[in-house]
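# What follows is a predicted protein model with its sequence.
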Amino acid sequence: MRFYFTRMRSKDICPPRQPLKKIVWSWIGAFCGIYLVAGLAFYTAANPMGSMFVIGSFGASAVLVYGAPLAEFSQPRNLIGGSVISALIGVAVYQVFTDYIVLACALAVSLSIALMYLTRTLHPPAGATALIAVIGGENVHQLGFFYALMPVFLGTVLLLIVALVVNNLSTDPKRHYPVYWV
């Protein structure tokens, strides 16, 4: 037990605060990206508050693509590929294991991680995308596999477009986006 707990000791100190310039660019990107996705949902849905166009995993994706644009998890391949793959897995698992929600939750996330690794599209928020397909309620379940197209594919494409614009407006050479496409 002692060995186990010693592994939890700090190995380093907390990194310094990011420069204000980076914080501002991240804020601008996140604001514009989520505003675009939510705005589209609001103006195209009959019931904007019940719209399934905005899902929670988009918030986490925004943190990555605007806050850490050089990270592997933030690249377009990961953002779109990981999200769509996970959405498809989540829907399929829910449809097969509808009567076993606890099992479906675990399978949706774990299978998504495995498939994202295999396809080199690991995107952490996509685990939530798979989970939302299982626990998202009737609005999500009625969409079926269409959930992978809208909101997931279309929403991530919108986030990507904003990331391409905002991250490349900065003159900081460490803020270019993307690092790679495929």
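Cool, got the structure. Since this is a predicted model, take the numbers as computed values, not measurements.
# where does the chain have low pLDDT?
Judged against pLDDT under 70, the low-scoring parts of the chain cover residues 45-52.
# roughly how far is the helix ranked longest in the chain from the heart of the chain?
Secondary structure of the chain read by DSSP state H shows that its longest helix is helix 20-44. Offset of helix 20-44 from its chain centre (Cα atoms, centre = their mean, to the nearest Å): 14 Å.
# Now do the closest residue to residue 53 other than its chain neighbours against residue 138, distance only.
In space, and not counting its chain neighbours, residue 53 is closest to residue 41: 3.3 Å by Cβ to Cβ, 6 or more residues apart in numbering. C-beta: built from backbone N, CA, C; applies to glycine. According to Cβ to Cβ, to the nearest Å, residue 41 and residue 138 sit 17 Å apart.
# More neighbours: the two, which one.
A count of neighbours by other Cβ atoms under 10 Å puts residue 41 above the other of residue 41 and residue 138, at 19 against 8.
# Show me what the one helix or strand residue 158 maps to is packed up against.
Per DSSP states H and E, residue 158 falls inside helix 154-169. With contacts defined as 3 or more Cβ pairs under 8 Å, 6 or more residues apart in numbering; DSSP states H and E, the packing partners of helix 154-169 are helix 20-44, helix 57-67.
# could you give the angle of it to helix 57-67?
20 degrees (axes from the mean of the first three to the mean of the last three Cα atoms, to 10 degrees).
# about what we covered before: and of the helices and strands packed on helix 154-169, who's closest to residue 174?
helix 20-44 (8.5 Å; Cβ to Cβ).
# Can you work out which other helices and strands pack against that closest one?
With 3+ Cβ pairs under 8 Å, 6+ apart as the test, helix 20-44 has helix 57-67, helix 154-169 packed against it.
# for those helices, which one ends up most surrounded?
Here the criterion is mean neighbour count by mean count of other Cβ atoms under 10 Å, and of those the winner is helix 57-67, at a mean of 22.
# In contact with residue 132, which residues?
55, 56, 57, 90, 140 (Cβ atoms under 8 Å, 6 or more residues apart in numbering).
# Pull out the buried residues from these.
Among these, those buried by neighbour count (16 or more other Cβ atoms under 10 Å) are 55, 57, 90, 140.
# CSV please, covering these and showing secondary structure.
Converted to CSV, the buried ones among the contacts of residue 132 look like this (DSSP: H, G, I helix; E, B strand; the rest coil):
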residue, secondary structure
55, coil
57, helix
90, helix
140, helix
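# how close does residue 109 sit to residue 167?
For residue 109, the distance to residue 167 - Cβ to Cβ - is 28 Å.
# Let's verify residue 121: helix, strand, or coil?
coil.
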